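**Student:** Give me coordinates for this.
(one chain, ligands or ions: 1)
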Amino acid sequence: MAGSLFDGAKQQLAKALKHTKISEDSIERLRSPKSIIQVSIPVRMDNGSLKTFTGYRVRYDDSRGPTKGGIRFHPNVTLDEVTSLSFWMTFKCAVMGLPYGGGKGGVCVNPKELSMFELERLSRGYIAAIADFIGPDVDVPAPDVYTNPLIMGWMMDEYSLIKRKHTPAVITGKPIPLGGSQGRDVATALGGFYCIQTVLEKDGLAANGATVAVQGFGNAGSVAAELLHNAGYTVVAVSDSKGGIYNPKGLDIPSVKRHKESTRKLEAIYCDGSVCDIGEHEDITNEQLLELGVDVLIPAALENQIVKENAGAVKAKYIFELANGPVSPEADEILKTNGVKVFPDILLNAGGVTVSYYEWVQNRIGMYWSADEVKDKLRGRMVEETENVLRIAHDKQVSFRTAAYILSLGRIAEAMEAKGSKQDYLRK
Ligand code: GLU
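**Tutor:** Just a heads-up that it's a prediction; the model follows:
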């Protein structure tokens, strides 16, 4: 896979390896995924025809526990992408100290072109195809790009029907009445918010009108924009796949969010009763958003948004990667030279999988926590691991990304080596 996303992901690990003393055995085991499944999913379409979709599930490493990671429905899903995402999940779970390995799934489909009936048949068909390879102690899927609680509910139901027993812990991100956790819907953004606050408070920049641009207005981006707005940051630009809006004085994010939810269009509309005014804003492209002169840039959409061609034009002081893999390794180097502080995906967006873990625990003990309990647990863990990453970056004089890999690699290697390493076998 020359020049692939997965090659780029492994380069991030290679940088951390230089700063750790983990065994050759562990490095060898982390070179390639544990297993790759490719399935064909035949779906009866509403017009009576049969269409076959390609799906994947990759389990990268399970040294620390069952593999964990979302399922993406997107027309650009490839095996290379799913493998990279499963690799990142492995390190993400370890950064947070969760008892999980990393996995990921994907189906190559544009869900916006399917009816609800077709979407349900596809979701159930995908789970039926991989049912023998997942399970609460084996591999636990969750939502990712363009999948949501409704889809997770169908998937849990399908798995339970196949196994002939109610099995909520097979998948996370479910609707609350089906065993979902309080707070899972906003967990990715909230975890990112705690991390951003921890970093910026230390640098004396938190809130107080610090300017923010958010690329991506889905589950992660829109909630993050709202949390930051409510905390006193000035969110000057947001965008979705069709383009963005910009107002240097700040956008009223709750009204933008309401408008997007009701019309699916991104516009700054301010409503007072039944009267709505188009608020002051300029239309911008996604590319322009990434180059705005803001304090904080939050890519919350897809991979490879900041690459070697546009990294030099980034003017933000901080990048917080709420998406997975938004900055390419070449871009990372350019940003470093230009003094932009980049906080990595495997820490920044780990709030999602952390509350997924809480959901899985609640399903297994059969007892459910309040929204405040979940939030407190998430805050504690995010702040602690963010501080660990900051400390390692400072002590070893490495980037925050490399620091996060050093932290997670240490935990993964510890688990691998506890089962024996070369030294143990050669001991006389
Ligand atoms: N898809 C999310 C991620 O990339 C969540 C995974 C999970 O909850 O298992 O982190």
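**Student:** what stretches of this protein score poorly on pLDDT?
**Tutor:** Filtered on pLDDT under 70, the chain yields the residue ranges 1-3, 267-278, 428.
**Student:** quick check: longest helix of it.
**Tutor:** When the chain is parsed with DSSP state H, its longest helix is helix 371-396.
**Student:** do that one and the ligand meet?
**Tutor:** No. Shown here: helix 371-396 not in contact with the ligand (CB under 6 Å from any ligand atom), separated by at least 12.4 Å. Just so you know, the C-beta spots here come from the backbone N, C-alpha and C atoms, and that holds for glycine as well.
**Student:** Give the next helix or strand downstream of that helix.
**Tutor:** Note on helix 371-396: by DSSP states H and E, the next helix or strand toward the C-terminus is helix 400-417.
**Student:** helices or strands next to that following helix in the packing?
**Tutor:** helix 5-17, helix 24-29, helix 79-95, strand 341-343, helix 345-348, helix 371-396 (3 or more CB pairs under 8 Å, 6 or more residues apart in numbering; DSSP states H and E).
**Student:** now the last one, how far from the centre of its chain.
**Tutor:** Right, helix 371-396. 17 Å (CA atoms, centre = their mean, to the nearest Å).
**Student:** And that helix, what's buried?
**Tutor:** Neighbour counts using 16 or more other CB atoms under 10 Å place 374-375, 377-379, 381-382, 385-386, 388-390, 392-393 of helix 371-396 among the buried residues.
**Student:** do the same with the first one
**Tutor:** Residues 5-6, 8-10, 12-13, 15-17 are the ones in helix 5-17 that count as buried (16+ other CB under 10 Å).
**Student:** Between helix 79-95 and that helix, find me the angle.
**Tutor:** 30 degrees (axes from the mean of the first three to the mean of the last three CA atoms, to 10 degrees).
**Student:** burial of residue 315, as a residue count?
**Tutor:** A total of 13 residues lie near residue 315 under the criterion other CB atoms under 10 Å.
**Student:** And for the one 10 residues further on?
**Tutor:** When neighbours are counted by other CB under 10 Å, residue 325 registers 24.
**Student:** that older thread, go through the helices and strands packed on helix 400-417 and name the closest to residue 330.
**Tutor:** helix 5-17 (8.4 Å; CB to CB).
**Student:** What are the contacting residues of the closest one?
**Tutor:** With CB atoms under 8 Å, 6 or more residues apart in numbering as the test, helix 5-17 has contacts from 1, 27, 30-31, 80-81, 83-84, 87-88, 91, 303-304, 325, 328-329, 332, 398-399, 401-402, 405-406, 409.
**Student:** Using PyMOL, make a named selection holding only the buried ones among those residues.
**Tutor:** Applying 16+ other CB under 10 Å to these, the buried members can be selected in PyMOL as follows:
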select buried, resi 27+30+81+83+84+87+88+91+303+325+328+329+332+398+399+401+402+405+406+409
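**Student:** For the ligand, see how far away the nearest residue in space to residue 417 that is not next to it in sequence is.
**Tutor:** Spatial nearest neighbour of residue 417, excluding adjacent residues (CB to CB, 6 or more residues apart in numbering): residue 23 at 5.8 Å. When distance is defined by CB to the nearest ligand atom, to the nearest Å, residue 23 is 28 Å away from the ligand.
**Student:** show me what contacts residue 23?
**Tutor:** Contacts of residue 23 (CB under 8 Å, 6+ apart): 413, 416-417, 421-423.
**Student:** for residue 58, same thing?
**Tutor:** 33, 35-37, 79, 82-83, 85-86, 103-105.
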